[in-house]
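Peer 1: Okay, sequence plus prediction incoming.
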Amino acid sequence: MKSPAVVNFAAAPHSVELREFNRPEPGPEDVILAVEAVGVCGSDLHQWTSMHSWKVNYPVVLGHEFGGRIAAVGSAVRGWKEGDRVVSETAAVIDPDSPLSRAGLYNLDPTRKGFGYGVDGAMTRFVRVPSRCLHRVPDNLPMEQAALTEPCCVAFNAVLNNSRIRPGDRVIVLGPGPIGILCAAMARLAGAQVALVGLERDRSRLEAGKAYGCEVIVGDATAWAQARDGLGVDGVIDAAGASAALKTALELVRPAGWISKVGWGPQPLNFSLDPLVQKNITLQGSFSHNWPVWERVLALLSSGQLDVRPILGGIWALEAWHEAFEKMHSGQIVKAVLKPV
């Protein structure tokens, strides 16, 4: 059985097209998921434009933010059945014997391979998923919202696990992409006063930050950072896709403050890190997520404490993937979701 798939077939820019793709067969510990919704991630756009900094296993079906119903179950799978509504984590291949995996930090396993770059992803009708990656979707959560669990988990990990955020903190988020906006939402849930900062071209995306109770700033955020006592903000979340944003973060944060860096940027820094030392700043990287993060985020989504609708810019058929990519890439919308059926 064949179905269309959005395939990144080479390293050259714009080497993405719709191709016919065979329905996979499950291994003993896998399920086959009938995809009902798949989010378009910034990393999908980076592979499309060839601006990524990670190894890609070409050709590969894109898509790692997805949910659907189980269509088939492997012979050794327990606890799951056909028809179950689920979302999937992104760590498609891990070494179960790695010390990191044994500690529950399989997201940091250096041999890890994810959907959409290491193995075939979910921008198609059916995708093979290890059953260990699955999480149940509550009945009250629409699948187009559940499919955005993954970027919410990235934000949760960056803000609530990998920062020192406390209620009453003043926090700046650099970069109003999907991850930046969701980081701002998480910081607001934690009780912080938050400013979301972007450039002139980001004005339409910055508007989504207002739905989460954030101040929005175009350009220089120095005045907001110094408004309380002139020393800077308690913390900065760097969700921008440029290395130079770290320099801005170092300037805006107060002495003994913290920076949580979740944004990717392959460019060299080309500036001194002396302020990191002089101001006694804690700089923390944040990558991906693991099982307990997913369970907490799904609880937030199903309870209504976290609402992803402000970032959802539209739903497109799989065949209209190019329009959805263009809308996100141009900044007209924050987040696109594709529906394979």
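Peer 2: That came through fine.

Peer 1: State the three-state secondary structure for the nearest residue to residue 260 once chain neighbours are set aside.
Peer 2: Counting by CB to CB, 6 or more residues apart in numbering, residue 260 lies nearest to residue 163, which is 4.1 Å off, once chain neighbours are set aside. Glycine gets a C-beta too; all of them are placed from N, C-alpha and C. Taken by DSSP: H, G, I helix; E, B strand; the rest coil, the conformation at residue 163 corresponds to coil.

Peer 1: Let me know the pLDDT of residue 163.
Peer 2: pLDDT, residue 163: 97.

Peer 1: can I assume it is in contact with residue 262?
Peer 2: No. The pair residue 163 and residue 262 does not pass the contact test of CB atoms under 8 Å, sitting 9.8 Å apart.

Peer 1: any residues in contact with both of these two?
Peer 2: Counting by CB atoms under 8 Å, 6 or more residues apart in numbering, the contacts common to residue 163 and residue 262 are residue 237.

Peer 1: And the strands in the stretch 151-300 of the chain, which stretches?
Peer 2: Using DSSP state E, counting those that start in this stretch, the strands of the stretch 151-300 of the chain run over 170-174, 193-198, 215-218, 233-238, 253-261, 282-285.

Peer 1: how about the spatially most central residue of the chain, what does it touch?
Peer 2: Geometric centre of the chain, nearest residue: residue 151, 2.9 Å, by CA atoms, centre = their mean. Shown in contact with residue 151 (CB under 8 Å, 6+ apart): 39, 41, 65, 178-179, 182, 335.

Peer 1: repeat that for 6 Å
Peer 2: For residue 151, the contacting residues are 178-179, 182, by CB atoms under 6 Å, 6 or more residues apart in numbering.

Peer 1: Repeat that for residue 145.
Peer 2: residue 308.

Peer 1: which stretch of helix or strand covers it?
Peer 2: According to DSSP states H and E, residue 145 maps onto helix 143-146.

Peer 1: Compute the number of surrounding residues for residue 51.
Peer 2: Residue 51 has 14 neighbours, counted by other CB atoms under 10 Å.

Peer 1: Same check on residue 331?
Peer 2: By the criterion of other CB under 10 Å, residue 331 has 17 neighbours.

Peer 1: in the helix or strand bottoming out on mean pLDDT in the chain, what counts as buried?
Peer 2: Using mean pLDDT, DSSP states H and E, helix 203-210 stands out as the lowest-scoring helix or strand of the chain, at a mean of 93. Residues of helix 203-210 classed as buried by neighbour count (16 or more other CB atoms under 10 Å): 205-206, 208-209.

Peer 1: Could you do stretch 225-238 as well?
Peer 2: Buried, per 16+ other CB under 10 Å, within stretch 225-238: 225, 232-238.

Peer 1: show me what contacts residue 117?
Peer 2: residue 56.

Peer 1: same thing but 10 Å
Peer 2: Contacts for residue 117 were tallied using CB atoms under 10 Å, 6 or more residues apart in numbering; they are 8, 43-44, 46-47, 52, 54-58, 60, 62, 64, 90, 92.

Peer 1: what's the answer for residue 137, then?
Peer 2: Residues near residue 137 by CB under 10 Å, 6+ apart: 36, 67-69, 84-87, 143, 145-147, 149, 298, 301-302.

Peer 1: closest to residue 324 among those?
Peer 2: residue 147 (13.1 Å; CB to CB).

Peer 1: who's in contact with the closest one?
Peer 2: Contacts for residue 147 (CB under 10 Å, 6+ apart) come out as 35-39, 63, 65-68, 87-88, 122, 137, 308, 312, 315, 335, 337-339.

Peer 1: and those, which of them are in strands?
Peer 2: Counted as lying in strands by DSSP state E, out of the contacts of residue 147, are 35-39, 65-68, 87-88, 312, 315, 335, 337-339.

Peer 1: Quick check on these: which are buried?
Peer 2: The neighbour-count test (16+ other CB under 10 Å) applied to the ones in strands among the contacts of residue 147 identifies 35-39, 65-68, 87-88, 312, 335, 337-339 as buried.

Peer 1: In those, find the pair that's most separated.
Peer 2: Maximum pairwise distance among these (CB to CB): 19.3 Å, between 88 and 312.
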